Every structure is written in C-alpha cells, then in structure tokens.
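**Student:** sequence? don't have it. structure:
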Ligand SMILES: *Cc1c(COP(=O)(O)O)cnc(C)c1O
C-alpha cells in the first residue's frame, strides 16, 4: 500500500485510442491494465494525443509511458513523435514502451525508435509477464529519479525503529502528548517528523564531514551546478557568504566589496576584521541599483580606491585578496562574468559572486557567460582567479527557506577543502535540519538534464508574455492620452538577424525568450538610466519584472502628476497579491520556478482595477480597508486618487527620490573599520542619537534603507554634516513617514519611536 513516507505513487500513462473496442489488441491491453492495477499501479488511459500531452505536461509523477503503435492509423507516427518530444524535453530517463507486434516493428520510423526505451509485444507475451516488465522498469526509474540524499532519507523514514537520540520528539511521537503538540503534528504530517534526524544517524552521513549520502548529494549538486565542489548550507546564503569571506580574508587585509552588498557581507567583514574597499554601483532615476561599471574594476581604478581609503593604514596590507560582487542584482541586472573575471582578476586571486537570487542561471542558454559557474568546467581557466558562487536555493528555485549552496571552482590561490571546511564548521550548526539538505538535493535533481531548461523556459516565457501585454496596454492607453502602468525594459527591440527595429510589445515571444541580445543594456539608452555603460557588460534578466507607476521621467525629474508605487503595493496587498519590493515608482515581481501558467492574469486584472479605482477616486475604505481602519483620522473621507496626489506632492516637496540619489552618490567617510565599530558596540561605548542630532557622528551599526537595501552607512562610517546628503536622505524618509502612517519606510539600523528616527552611534 502507498504509505505517507513513500515518496512516489506508481503511475503509468497509457496512450491507446479505442480501448473499449472489441479486437484482440484492445482486449489484451485491457487485460494488461487490470494486471497493473492489481499490482497497485495507477494507470491513466489517454485516448487522444492531446490528452496524453496534457498529462505529460501536468503530471511529473508518471513513471512509465506505454504508447500504442497503430499501424492502421496513418497519423500514428506523427502523433507519437509529438508525444515523445514532449516527454524527452522534460525527462531523458522516463521509461517509454511501444506496444506493437514483432512483425511490424521494422516499419517504425527511427525518430520514434530513438526516443523509446523498449518494445512490448502485446499479443505474444502474457499480460502478467508484461506487467512485471513494466513495473521493473518503473522500479529502476524510481531508483534513479530520486537524488542521493533524499532517497536515503525517504528510505530511512520508512524504517520504524525506536530512537534514543535527539531530536527529542523522536519521529513526532513527542508531540502527541498534548493538544497543541498534536495540532502541530497533524498540520505538518508524519513524514517531516520522521525526516528530522540527529547527526548520530549514521546511515545518512554527515554534513560537517561531507560524508555518506549527504556527501554524495554535494557531489551530485556540484555536477549539476558546474562546480569543483559544492557545500550544502542550511542557514541561508547569509551563512554561505560568511563561510567564504571568513575562509578568505582576515584582520587588516583588504577585501573589495560591492557597495550593493547584502548585510551578511557586512557582517562577515566585521567578523573577519578585514578592511572593505567599496566598488560603487551605478543607480538610475528610479533608484534602481545598476552594475559597477568596468572602469571601476580596472587594476588602476582599484589601486586608486585602495589608496584613497582612509582605513588602509600602515598596518594594512594594501594588496586586495578577495572581491565580492552581487550577481544578479535584486532588480535582475547580470554581469558578463568573463569580463568581470578579466578585470578584477588583475587585482585579486579570489572572486566571489553573491548569486542569492540567481541559482537558475546555469540552466538556460539565455544567461550564457553571465553567472559564476558558467560553461563547461573542463574549460575553466585554472590560472585565473578562484571563483565562488553563493546561491539561495530557496529564493528562486524550489527549496525550503534557509537552503543555500556554496559552489567553488579552484583557480589561483585556492582555499582547499580542509581549510574552507574549518570556516564552514565555524558557521554551521551541529544539528542541521535534514529536510533542508534534502531540498537542496531535490532542487539539483529538478534542474538536472532537460528539466532545468524546461522549467526555466516556463518562467522566462511567462515573464515575457506579461511584459509584452503590459507594454502593449501602456502603448494603447498612451495613444488615447490615457495612462497605464509600464515595465522597466527596453522600449524597442532590434531583431539581431534581420536588423528590424520594433516596439517591445511587437517583438516575437520566441525572440525575447531565446535571444540575450534583446536584454542587453546599450550605452546611454534612456530607459535604463545607467549612462555610458559598456556594450554587452550588463543584461536585464526577464524574470525579474519591475512594473513602473507614472510620475518619473527618464531624466529623473518628477512629472506634474504621479502615483507613488507604495500605494499600488498597498492596494495589491489588500487583494492578497504580495509583491517582492517597492521603490518610489517601481514594484518588483519575480517569475520564479513556482510560477504557474497564466498566474499573471490575476495581477493584470488587479492593475486594471487599480486604474479604475484611481480614475474614479474610489474611497479608501473600500479599496484599502485596513488603512482606513488603522488610521481613521488621517485618511478619513479620502479616495485613492486623493491619497496618490497628496503623497506625490509630498515626495516632490521632500525630494525623496533625489535625496536617495544624493545619499548614495558618494561614499561616506569611514572613521574606523567595521570591526572597531563593533568592538565599541560590545563595550557599550554607544548611545542612541536622533537623526536630527547626528551631524558628524560615527554610526555603530549599519544603516540600510529597504529598498534599495544597500548600506547607506556601514558601521564605523560618519553621518556627515546636518545638511549633507546622508542625513538629508534619512530626514526626508522620517518626514514622509510622519505624514503617511501605514506607508512608513523600513530602514535596518533605525529605531523609530513616535515618528523619530534614532540610530546607535559611538559615544563622543
Ligand atoms: C537574500 C540575500 C542573501 C542572504 O540569503 P539568505 O538565504 O536569505 O540567507 C545574500 N545575498 C543577497 C544578495 C541576498 O539578496
């Protein structure tokens, strides 16, 4: 019987037209179906090619396909061909049998034969014998389909044994003794508890020694993701980043850091005592962070940045040892990694790409050369820099939160496994959650073979259709002097083959989904706003979709009228649509591996509804009820358009978007290194200071406004003068937040008490 811990039910798809007919073959096939069912297989019969293809597209649990070769049907070869193409595009290993008879098999075309696994002579062998062969094939396939760690875990969970080790809930039974515990157990179901094992269960190997099935799983992931070695990390890419940096740099060594770095990089720099020298990325009119330009990555430019860094004192070794780059950025800007290697490789031996949002890149040719573990590992230049990639498997692939992978390719000055593993163990728990390791394993299996391309193709195509649809609707409205949302993307596409230029929404989906040239940032194109960027250096990833709201012009000036994006986000939220990120005039949507066919239709409807409600100034109580309920005094009697107008006017008056640009335009002055600031924090040599009183003060903790999520101030940096760009930006946020409760900004490192921003600074 199918037990809850059996990972797959046996399912067989049978394509047979006319099963109910009264002839020898149909009778034999009916008999076979009965025999398979008696052996507990579930048989799905498709009597049309369309249905068979639909089943293949929608049910990955199918473990064997039986296709009838009907020599009396002229169309049969072409029908079978299409079905087989669909199967093999998804799955190279699925067993497929052709039902035929020995005498006619020689007439079957070779493009069918090379895609099937074997024949079944339906009239010659006994039904029982055939069923046995089919089930043996599904069994072999099941052995193969599960990656090493998950397979071992599922096998182990089937064995009911009394455990005397941790975790103390012992397979879930510990929860059954109280009502709350029982509710918890029922909610998640038994298998997750049976899979929550202690490191003392030898059968699964060990994450810390990378042994047994866990070690096998890391090898498997390394093959799939193109690394020399892969480490499963169970506390997110935050931890993967710390592992890499702490293994690579120490106190008073220089690390080159993308200023657009994640907090975990800041933390690793603090922990290591390294001296960060920042590579400052571009930013555009929307506040979207762009790439670091190649001119800032040259040997000469890096030498100047280090020379000008006040923290590089006599005690500091001025030769940088490590560089960390965020690829892709949050908004989907991806570097030409080969170019980055060529440039930064002149200054450092170790290059670290933080690819937290980008684990899928290897599986689609659209991203060729734009991710760390690119190309065939055999061609990797061993005399070039050692390359690390850290990826949050959970962010855009299918995995549990906290699942992350650290991939390594060894080039110059590598960190051999035993040394890297010391840093790994320093950051790891001795009780990792095995289901997290198993999701990394499964993610690798999902992307292996043709599956990776098929799955990424789906995301890309869905994103492209959404982009085209919104662009078309925008163009239609604009032609009628009306407004609609737009997408941050090129306005025109040039077909690289024909040279023909067309509006984005008229470009063929196939071209957009397959040709990276469509997504390149060309120098000085006004839509991207990153200025004179080198041709081919940076590409926009189609699956990260930024919807723009009206109000911002390409030159960074606010228009006469506008709709703050925060209002759209709040409106969508009230409809149960949760967005990824909101800036002043953009809202980011991710088309991840979980995207389903047509999911964006709901989003598009909601955008239309917003337009109607905005145009007719529908009362806020109706469209964002929670806002009206939480702040009845503030928003009483207002409509959606009233609030949009008032907010837009405030943004204009406070200059929030420009203040952001100014705040991030220049690096603050570092008074001390991050580790020195942290030591002051530990010694409590710090105090909370109001933003209005912060002129000239050194911050003890990082100040990171979300979005854009890049540090405005790093620990140890100086806030600058009262009327300077850094405090100017924070004050404009504070003023905005006071005026618009319910739309307050989220700034890490800032504590807000009664509308007053306070930040931990070093005592004077
Ligand atoms: C989210 C993120 C991380 C951290 O990843 P987690 O898996 O959440 O720990 C690191 N770097 C970047 C750029 C991120 O966006």
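**Tutor:** Now that the structure is in, tell me what you want to look at. Predicted, not measured: the structure shown is a model, and the values here were computed from it.
**Student:** and the residue in the chain that the ligand sits nearest to, what is it in contact with?
**Tutor:** Closest to the ligand within the chain is residue 236: 2.3 Å, counting by Cβ to the nearest ligand atom. For every residue, glycine as well, the C-beta is placed using N, CA and C. If you count contacts by Cβ atoms under 8 Å, 6 or more residues apart in numbering, residue 236 has them with 264, 392, 394, 401-404.
**Student:** Look at stretch 322-334 and report the distance between its end residues.
**Tutor:** 20 Å (Cα to Cα, to the nearest Å).
**Student:** circling back to that earlier point, which of the contacts of residue 236 tops the neighbour count?
**Tutor:** residue 403 (30 neighbours; other Cβ atoms under 10 Å).
**Student:** Spatially nearest residue to it (excluding sequence neighbours)?
**Tutor:** residue 393 (4.2 Å; Cβ to Cβ, 6 or more residues apart in numbering).
**Student:** Can you tell me how far the residue of the chain closest to the ligand is from residue 460?
**Tutor:** Counting by Cβ to Cβ, to the nearest Å, the gap from residue 236 to residue 460 is 26 Å.
**Student:** per-residue confidence averaged over the helix or strand harbouring residue 120?
**Tutor:** Element membership for residue 120 (DSSP states H and E) is strand 118-121. What strand 118-121 shows for mean pLDDT is 90.
**Student:** buried sites along it?
**Tutor:** 119-120 (16 or more other Cβ atoms under 10 Å).
**Student:** Next: stretch 329-341.
**Tutor:** 329-337, 339-341.
**Student:** same thing with stretch 598-616?
**Tutor:** 600, 603, 606-607, 610-611, 613-614.
**Student:** so of those residues, which ones are in strands?
**Tutor:** Secondary structure assignment by DSSP state E places none of the buried residues of stretch 598-616 in strands.
**Student:** Rebuild these as TSV, extending it with distance to the ligand and pLDDT.
**Tutor:** Supplementary listing: the buried residues of stretch 598-616 in TSV, determined by distance: Cβ to the nearest ligand atom, whole Å; pLDDT from 0 to 100:
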residue	distance to the ligand	pLDDT
600	23	92
603	23	95
606	26	96
607	26	97
610	28	98
611	32	98
613	33	98
614	32	98
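**Student:** out of those residues, who's nearest residue 670?
**Tutor:** Checking the buried residues of stretch 598-616 against residue 670 with Cβ to Cβ, the nearest one is residue 603 at 42.8 Å.
**Student:** I'd like the distance between the residue nearest to the closest one when sequence neighbours are not counted and residue 607.
**Tutor:** Excluding the flanking residues, the one nearest residue 603 by Cβ to Cβ, 6+ apart is residue 577, at 6.2 Å. Distance of residue 577 to residue 607, given as Cβ to Cβ: 10 Å.
**Student:** for residue 334, same thing?
**Tutor:** 27 Å.
**Student:** longest single helix anywhere in the chain?
**Tutor:** Of all the segments of type helix in the chain, defined by DSSP state H, the longest one is helix 450-479.
**Student:** What average pLDDT does the following helix or strand past it get?
**Tutor:** Sequence-wise, the next helix or strand downstream of helix 450-479 (DSSP H and E) is strand 486-487. Computed over strand 486-487, the mean pLDDT rounds to 98.
**Student:** Show me what the helix or strand just after strand 486-487 is packed against.
**Tutor:** Tracing the chain past strand 486-487, the next element assigned as helix or strand by DSSP H and E is strand 492-494. Contacts defined by 3 or more Cβ pairs under 8 Å, 6 or more residues apart in numbering; DSSP states H and E place strand 492-494 against strand 501-503.
**Student:** distance between the following helix or strand past the strand it packs on and the chain's centre?
**Tutor:** Of the helices and strands lying after strand 501-503 in sequence (DSSP H and E), the nearest is helix 509-514. Remark: helix 509-514 is offset 21 Å from the chain centroid, using Cα atoms, centre = their mean, to the nearest Å.
**Student:** could you say what helices and strands helix 509-514 packs with?
**Tutor:** helix 450-479.
**Student:** now the strand holding residue 120, how far from the centre of its chain.
**Tutor:** 43 Å.
**Student:** How about stretch 137-151?
**Tutor:** 27 Å.
**Student:** Next, the residues that contact that stretch from outside, please.
**Tutor:** Against stretch 137-151 from outside (Cβ under 8 Å, 6+ apart): 7-8, 10, 12, 41, 63-64, 93-95, 97, 117-118, 154, 204, 213-214, 216-217, 220, 437-438, 440-442, 444-445.
**Student:** which strands and helices sit next to the host helix or strand of residue 389?
**Tutor:** Using DSSP H and E, residue 389 falls within strand 386-392. Contact partners of strand 386-392 among helices and strands, from 3+ Cβ pairs under 8 Å, 6+ apart: helix 236-248, strand 350-354, strand 404-409.
**Student:** close enough to count as contact, residue 229 and residue 222?
**Tutor:** Yes. At 5.6 Å, residue 229 and residue 222 qualify as touching, with contact defined as Cβ atoms under 8 Å.
**Student:** so what sits against both of the two?
**Tutor:** residue 407.
**Student:** ok, and what's touching stretch 610-619?
**Tutor:** Contacts for stretch 610-619 (Cβ under 8 Å, 6+ apart): 483-485, 563, 568, 571-572, 622-623, 628, 637-642, 644.
**Student:** Which of those fall in helices?
**Tutor:** Short answer: the contacts of stretch 610-619 in helices (DSSP H) are 568, 571-572, 622-623, 628, 640-642, 644.
**Student:** Among the residues you listed, which pair sits farthest apart?
**Tutor:** 572 and 642, at 19.0 Å, using Cβ to Cβ across the ones in helices among the contacts of stretch 610-619.
**Student:** quick one, which of those two is more surrounded?
**Tutor:** Neighbour comparison, residue 572 and residue 642: the larger count goes to residue 572, with 22 against 14 (by other Cβ under 10 Å).
**Student:** Who's the closest spatial neighbour of the more buried one, skipping the chain neighbours?
**Tutor:** residue 606 is the one closest to residue 572 (Cβ to Cβ, 6+ apart), at 5.7 Å.
**Student:** what about the residue lying closest to residue 294 once chain neighbours are set aside, distance to residue 272?
**Tutor:** In space, and not counting its chain neighbours, residue 294 is closest to residue 534: 5.2 Å by Cβ to Cβ, 6+ apart. As for residue 534, its distance to residue 272 is 32 Å (criterion: Cβ to Cβ).
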